[in-house]
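A.B. asks: Provide a 3D model corresponding to the input given below.
(one chain, ligands or ions: 2)
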Amino acid sequence: MAEKKYVMSIDQGTTSSRAIIYDKKTNTIGSSQKEFTQIFPQSGWVEHNPNEIWNSVQSVIAGAFIESGVKPDEIAAIGITNQRETTIIWDKKTGLPIYNAVVWQSRQSAPIATKLYEEGHSEMIHEKTGLIIDSYFSATKIRWILDHVEGAQERAEKGELMFGTVDTWLVWKLTGGESFVTDYSNASRTMLYNIHKLEWDQDILDLLNIPNAIMPEVKSNSEVYGHTTNYHFYGANTPISGMAGDQQAALFGQMAFEPGMVKNTYGTGSFIVMNTGEKPQLSENNLLTTIGYGINGKIHYALEGSIFVAGSSIQWLRDGLKMLENSADSEAIAKTSENDNEVFVVPAFTGLGAPYWDSDARGSVFGLTRGTSKADFVKATLQSIAYQTRDVIDTMNKDAGIDIPLLKVDGGAANNDWLLQFQADILGTKVQRAHNLETTALGAAYLAGLAVGFWESVDEIKNMYEEGGIFEPQMPEAEREKLYKNWRLAVKATQVFKPEA
Ligand SMILES: Nc1ncnc2c1ncn2[C@@H]1O[C@H](COP(=O)(O)OP(=O)(O)O)[C@@H](O)[C@H]1O
Ligand SMILES: O=P(O)(O)OC[C@H](O)CO
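C.D. replies: Residues are numbered from 1 along each chain as shown. Ligands and ions are numbered 1, 2, ... in the order given. Model (predicted):
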């Protein structure tokens, strides 16, 4: 039998799927990435084809093997991490999805969320799930699919359908339909999971008329969920033994194991998560309480501020407005801006997330003059990522009753030094970049490796963190507060503008 020298991470993100093979020292031995189609059926809706997601995952698994020369039976374990909340319902017998995956960003189920809110269920849902009623989470998306696909409710009641977030879909596929599971972190994003009792909440399932029969079993973040079939993993029956939503995986990959540690992952969206320890702390200021990870019988809770549009605003500059050749150019272009930071872009393309939770808001730009240049526009878009992060960090400080001393960062847009310097400036807080920006994939690899003894303990991996740059605040406080005040004004004005449909 081949020596098990590696762990594979599968990171199924909003715009692309990735597979990365790590050795014991977490050197990347091989990787592969594939983008897939974003479907926009109507304004504010975002969907994916679940089969295309699955095909992209198969393709990157093969790609990582080809690039590295590693053989499938040398992989000790597989970790899966995924875009969260995105909702898939499929037929148990045929394995065929009954509708597209309704993506976390999608607003098609907003009327269902509004109804829940108007009927007065906010407090109950917040207490049980830690979440704020919003179409971001899976619950209203499930209801929407069951309402819009003919006969779906009846088939769900007969136990003929299965619901899963992307983790569940991928494990089910990789194990040839053997394992129908999710994990604490993904379950806690459905708005159907009781984060105190650690079970699907029957009251909320009943409220939304979602049959229990379609729900997967909820497992810890680090244990063997099943094995790949020979067919799907090139002849190897490899344990899938780590699973976490991408933001929680990043928390783990950033080694934010202690209460009070905070990370921000700058990807499509931007997600700020604080480890709050073994007791759930309900936010009084519109942040989410969620499960960070559960391992070795212990749950670690977290506070989260979810920003819906971050790196995707740079993609918009690139693909929509054709202002950039590639995302990385935003840095050099922003540096050439000569204006005095008077342009504000509020990228509320799919509403505003934390701490505003305004589904109906749409993007806006303020402060244009005849002299506004492309560079000013690019700079203001990058700044919007940092301003939104400050909105969340200020709120977190309030909730936690502390001033967060350090922000650990990762994700694609954390490559941008200009952005991170402005982030430190506008927060007045030190920003620490991880050396390996694929912290999400790394976190899933650790979770998988720990479950099979590839790594012995959390203490062993703790020493493996590598820093990739520190950004110290340099902006004078008066300037910082003036800019931030103006940002708040821009957001306020954006929220006022609600044109008739
Ligand atoms: N140097 C950069 N400056 C600004 N944004 C960037 C840079 N590099 C990548 N991005 C943005 O980061 C996002 C990709 O990050 P990634 O972590 O791969 O996202 P995801 O996991 O959400 O797909 C894209 O939206 C891209 O526009
Ligand atoms: O795909 P990402 O990295 O933008 O992450 C999406 C989040 O999990 C949505 O909650």
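A.B. asks: all strands of the stretch 51-200 of the chain, in order?
C.D. replies: Counting by DSSP state E, counting those that start in this stretch, the stretch 51-200 of the chain forms strands over residues 75-82, 88-91, 101-102, 161-164, 181-183, 193-194, 199-200, given from the N-terminal end onward.
A.B. asks: now those as a markdown table including mean pLDDT?
C.D. replies: As requested, those are exported to a markdown table (pLDDT from 0 to 100):
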| stretch | mean pLDDT |
| --- | --- |
| strand 75-82 | 97 |
| strand 88-91 | 98 |
| strand 101-102 | 98 |
| strand 161-164 | 98 |
| strand 181-183 | 98 |
| strand 193-194 | 98 |
| strand 199-200 | 98 |
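A.B. asks: quick one: which of those strands is nearest ligand 2?
C.D. replies: Set against ligand 2 and scored by CB to the nearest ligand atom, the strands of the stretch 51-200 of the chain come closest in strand 75-82, at 7.2 Å. Bear in mind the C-beta positions are built from the backbone N, C-alpha and C, glycine included.
A.B. asks: Give me the nearest residue to residue 87, chain neighbours excluded.
C.D. replies: Nearest-residue entry for residue 87: residue 141, 3.9 Å, with adjacent residues in sequence omitted and distances by CB to CB, 6 or more residues apart in numbering.
A.B. asks: what do you get for residue 418?
C.D. replies: Residue 418 sits nearest to residue 331 (CB to CB, 6+ apart), 4.7 Å away.
A.B. asks: for the helix or strand where the one you found lies, which positions count as buried?
C.D. replies: Per DSSP states H and E, residue 331 falls inside helix 329-335. Judged by neighbour count using 16 or more other CB atoms under 10 Å, the buried positions of helix 329-335 are 330-331, 333-334.
A.B. asks: following that helix, which helix or strand shows up next?
C.D. replies: Using DSSP H and E, the helix or strand that follows helix 329-335 towards the C-terminus is strand 344-346.
A.B. asks: Quickly run through the sheet partners of that following strand, with directions.
C.D. replies: Looking at strand 344-346 with DSSP bridges, its paired strands and their directions are strand 364-366 (antiparallel).
A.B. asks: Can you name the residues in contact with the strand it pairs with?
C.D. replies: 343-346, 348, 377, 380, 489-490, 493-494, 497 (CB atoms under 8 Å, 6 or more residues apart in numbering).
A.B. asks: what does stretch 334-342 give?
C.D. replies: Stretch 334-342 is contacted from outside by 367, 369, 371-373, 375-376, 378-380, 382-383, 418, 483, 486, using CB under 8 Å, 6+ apart.
A.B. asks: Among these, name the ones in helices.
C.D. replies: When those are checked against helices (DSSP state H), the matches are 375-376, 378-380, 382-383, 418, 483, 486.
A.B. asks: gap between residue 26 and residue 197?
C.D. replies: When distance is defined by CB to CB, to the nearest Å, residue 26 is 35 Å away from residue 197.
A.B. asks: who's more crowded, the two?
C.D. replies: Taking residue 26 and residue 197 together and counting by other CB atoms under 10 Å, residue 26 has the greater number of neighbours (21 against 9).
A.B. asks: just to revisit the earlier point, may I see the strands of the stretch 51-200 of the chain arranged in JSON lines, with mean neighbour count and distance to residue 283 as well?
C.D. replies: Converted to JSON lines, the strands of the stretch 51-200 of the chain look like this (neighbours: other CB atoms under 10 Å; distance: least, CB to CB, whole Å):
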{"stretch": "strand 75-82", "mean neighbour count": "29", "distance to residue 283": "24"}
{"stretch": "strand 88-91", "mean neighbour count": "22", "distance to residue 283": "29"}
{"stretch": "strand 101-102", "mean neighbour count": "28", "distance to residue 283": "26"}
{"stretch": "strand 161-164", "mean neighbour count": "25", "distance to residue 283": "27"}
{"stretch": "strand 181-183", "mean neighbour count": "27", "distance to residue 283": "22"}
{"stretch": "strand 193-194", "mean neighbour count": "24", "distance to residue 283": "17"}
{"stretch": "strand 199-200", "mean neighbour count": "15", "distance to residue 283": "22"}
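A.B. asks: out of these, nearest to residue 135?
C.D. replies: The closest of these to residue 135 is strand 101-102. By CB to CB, the value is 9.2 Å.
A.B. asks: do the closest one and ligand 2 meet?
C.D. replies: No - with CB under 6 Å from any ligand atom as the criterion, ligand 2 is not reached by strand 101-102; the gap is at least 12.4 Å.
A.B. asks: ok now that strand, how far from the chain's centre?
C.D. replies: 15 Å (CA atoms, centre = their mean, to the nearest Å).
A.B. asks: which helices and strands sit right next to it?
C.D. replies: The elements that strand 101-102 packs onto, with contact taken as 3 or more CB pairs under 8 Å, 6 or more residues apart in numbering; DSSP states H and E, are strand 47-48, helix 138-148.
A.B. asks: Could you write out the alpha-carbon coordinates of the longest one in CSV?
C.D. replies: In other words, helix 138-148. Taking only C-alpha atoms (Å, rounded to 0.1, in the frame of the first residue of the first chain), the coordinates of helix 138-148 have been written out as CSV:
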residue,chain,number,x,y,z
SER,A,138,-31.0,28.4,3.0
ALA,A,139,-34.4,28.2,4.7
THR,A,140,-36.4,30.6,2.4
LYS,A,141,-34.5,29.2,-0.6
ILE,A,142,-35.7,25.7,0.2
ARG,A,143,-39.3,27.0,0.6
TRP,A,144,-39.0,28.9,-2.8
ILE,A,145,-37.8,25.8,-4.6
LEU,A,146,-40.6,23.6,-3.1
ASP,A,147,-43.1,26.3,-4.1
HIS,A,148,-41.8,26.8,-7.7
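A.B. asks: Name the residues that touch it?
C.D. replies: Counting by CB under 8 Å, 6+ apart, the neighbours of helix 138-148 from elsewhere in the structure are 85-87, 89, 98-99, 102, 106, 108-110, 112-113, 116, 135, 152-153, 156, 163, 165, 189-192, 204, 208-210, 214.
A.B. asks: just to revisit the earlier point, among the buried residues of helix 329-335, which pair sits farthest apart?
C.D. replies: Pairwise distances across the buried residues of helix 329-335 peak at 7.3 Å for 331 and 333 (criterion: CB to CB).
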